[in-house]
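[1] After the sequence you'll find the predicted model.
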Amino acid sequence: MKFLFLLTFIFFSVKTWAYPNFIGHGYTSCLNCHYNPAGNGPLTDYGRAVAATSISSGALYPEKWTEEKVAYTSGFFFRKPVQDHVRTQINYRGFQLVRNPGSKSSETKQWINMQADARLILKFGQNDRFVTIINYGFSPQPKGSQVDMSEWRSREHYMGYRFTPKFGLYAGLMDKAYGLRIIEHTSVSRTSPQATQNDQVHGVMAHYLGEKTEYFVHGFAGNLSQKEDVRMKGGSFMFERTVADIHRLGASVQQARNNYLTLTTWAAHARFNLKEGSALMGEIGQAKKTADASILDKTSRYAFLQTYLRPWRGVYFLTNIEYYQDDISKEPYFVRWGPGLQYFPIQRVELRADVYNTRNFSPDSSNKDSWMYLLQAHLWL
Amino acid sequence: MKFLISLCLVLSAAAAFAKPKVSVFVSLTPAGSFTAVSEKPKGNLFKSGDSFTADKITVTIESLKTGIDLRDEHFWKHLNSTKHDKAVLTDLKATNGKATANLEINGVKKPVNISYKVAGEEVIASFSVKASQFSLAKAEYLGVGVEDDVKVEAVLPYRAK
């Protein structure tokens, strides 16, 4: 019976309400909307216009505003850019995290300033073929750290040049080209391969965009602001192929090492366009971590599935399901899942609520499920 | 339980009967694509033996929807919909999976070669055109453009002549 309800829900969702995000609007590649062809970081003018006219609700704009006007006021401080070469952006993201809600003994509440970035973009040439990106921002306290390690630092600084519309080279500090760059940076699909919020590296990335394929090769020397012995040096490769015109299948591999750790990872991912803005995304992968001193030799395995369903413009219903096995030679694993609601009342404002349930599975012990919820605000200018 | 199963079956059956539809597949540069869909093609497709004919099938340009309002406006404007409000396919003659017809867009008429297959009571036809052949200027918006080659797919019911 439960299965039938689930089936019915999925059936209705896909057939009648399926709307999501970017690939759901037909944007198979990140390059239309982001300066970084692998996504993340500053939006292009086109990306801001798409955010204003399709991702965000139009309900709060004055009635007499046309969509054209909405698009052109998506620029910095609601202004249409008056020149072609310089762009500035400011981003803030913070959230209230409540763990064990309702528990008299263990409920905790915490406001976290997750992101506060100021960005400068310089762009020149036909189709902005030469770009320089500088992204300076706040790095929050790492999870589990006892001392205050939050800091302001460069989150990205790189230059890119597209020799042809199909081929470009990018050099500097940027995210690794690896897997699905989802916004949920605590997801196991980002933390396990060390490709998450604070894992940017200095390196050179080559990008090839074919008619149906996209390739990224990224060689890196670690983050040069770190001490040399802990810099993760290595490379990653990511590949995506368009299937059935509107969906994407992809794969990634990575190897990196520092004086203490060797990391070897692979992942396969898929993005499905469910039409009208809705999408389904998933990634599975493994990460092998070996310490030279033989104190560590384990392989972790993860899976991630996310739905974006857009019932109407500006609103998305999300579901995240994650699986993580820290060591595949042992039995324990956990499953984290939860629904979320994302609302863009107007361009520059994202409000989001998520609930997460985590259940641990182990033959040797039994733990109560843990619950948490997040209330998130994301503002950008 | 029975009700739920029945509901799923009814909805599955309903989904199996596709509506008449014209889909225009547009590729973007540097990457990506979108599909403009109209569920309001007008005209009659007749079957006689193994052949199909149609005098005139029309699609109102502003019935084509891309999923983003602003993109709709740009698409219609690009196709010059205020001056030529319809795409018109005339003199369609089809047999053995191949068809010829004349397509008029933006006031320019060109012959097109069409492939098709029969699926139940409908014909699924597809063809490719170059936008530039119809005197349509190269489209670009905030650095994102469209490819000249455009694919069209039509699902049309037919009836005996």
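    The structure has been received and is ready for your questions.
[2] contacts, neighbours, all on C-alpha from now
    Fine.
[3] Now do the same contact list for residue 157.
    You didn't say which chain, so I picked chain A. For A:His157, the contact set (CA atoms under 8 Å, 6 or more residues apart in numbering or on different chains) comprises A:132-135, A:172-174.
[4] if you could check chain B rather than the one you did, that'd help
    Taking CA under 8 Å, 6+ apart, we find B:Pro157 in contact with B:20, B:45, B:121-123.
[5] Closest one of these to chain A?
    B:Pro20 (17.5 Å; CA to the nearest CA).
[6] shouldn't that closest one be in contact with B:Asn44?
    No. Between B:Pro20 and B:Asn44 there is no contact under CA atoms under 8 Å: 11.1 Å.
[7] thought B:Lys47 was touching B:Ala160?
    Yes. Applying CA under 8 Å, one finds B:Lys47 in contact with B:Ala160, separated by 4.7 Å.
[8] what residues does chain A put near chain B?
    A:1, A:4, A:8, A:25-29, A:31-32, A:45-46, A:53-54, A:67-68, A:127-128, A:165-166, A:209, A:211, A:246, A:276-277 (CA under 8 Å from any CA of the partner chain).
[9] Drop anything exposed from the residues you listed.
    Burial by neighbour count, judged by 16 or more other CA atoms under 10 Å in any protein chain shown, picks out A:8, A:25-29, A:31-32, A:45-46, A:53-54, A:67-68, A:128, A:165, A:209, A:246, A:276-277 from the residues of chain A next to chain B.
[10] So which of those residues are in strands?
    A:Leu209 (DSSP state E).
[11] picking that back up, which of the contacts of A:His157 fall within helices?
    Within those, no residue falls in helices by DSSP state H.
[12] So which of those residues are in strands?
    A:132-135, A:172-174.
[13] The stretch 101-250 of chain A: strands as residue ranges?
    Secondary structure of the stretch 101-250 of chain A (DSSP state E, counting those that start in this stretch): strands at A:108-124, A:130-139, A:151-162, A:167-174, A:201-209, A:213-220, A:233-243, A:247-257.
[14] Export those as a markdown table, with columns for mean pLDDT.
    Shown next, in a markdown table, are these (pLDDT from 0 to 100):
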| stretch | mean pLDDT |
| --- | --- |
| strand A:108-124 | 90 |
| strand A:130-139 | 90 |
| strand A:151-162 | 91 |
| strand A:167-174 | 96 |
| strand A:201-209 | 96 |
| strand A:213-220 | 96 |
| strand A:233-243 | 95 |
| strand A:247-257 | 96 |
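[15] Looking at the ones you listed, which is nearest to A:Gln286?
    For these, proximity to A:Gln286 was assessed by CA to CA; strand A:247-257 is nearest, at 9.7 Å.
[16] and that closest one, what other elements does it pack with?
    strand A:233-243, strand A:261-273 (3 or more CA pairs under 8 Å, 6 or more residues apart in numbering or on different chains; DSSP states H and E).
[17] what's the shortest one in contact with?
    The set of residues that contact strand A:233-243 without belonging to it, under CA under 8 Å, 6+ apart, is A:28, A:176-179, A:212-222, A:248-258.
[18] Also the longest one?
    With contacts defined as CA under 8 Å, 6+ apart, strand A:261-273 is touched by A:20, A:23-26, A:179-180, A:193, A:246-257, A:279-292.
[19] out of these, which are buried?
    A:20, A:23-26, A:179-180, A:193, A:246-257, A:279-291.
[20] re the thing from before, most neighbours, which of the contacts of B:Pro157?
    B:Leu45 (21 neighbours; other CA atoms under 10 Å in any protein chain shown).
[21] Now do the contacts for it.
    B:Leu45 neighbours (CA under 8 Å, 6+ apart): B:52-54, B:156-159.
[22] out of those residues, which are buried?
    B:52-54, B:156-158.
[23] And the residue nearest the centre of the chain?
    Went with chain A since none was named. A:Ile182 (2.3 Å; CA atoms, centre = their mean).
[24] Sorry, I should have been clearer: chain B.
    Most central in chain B (CA atoms, centre = their mean) works out to B:Val22, at 2.6 Å.
[25] That one: what secondary structure?
    strand (DSSP: H, G, I helix; E, B strand; the rest coil).
[26] If it is in a bridge, with which residues?
    B:Ser38, B:Ala154 (DSSP bridges).
[27] Let me see the contact set for it.
    B:37-41, B:59, B:152-155.
[28] one more time with 6 Å
    Residues near B:Val22 by CA atoms under 6 Å, 6 or more residues apart in numbering or on different chains: B:37-38, B:153-154.
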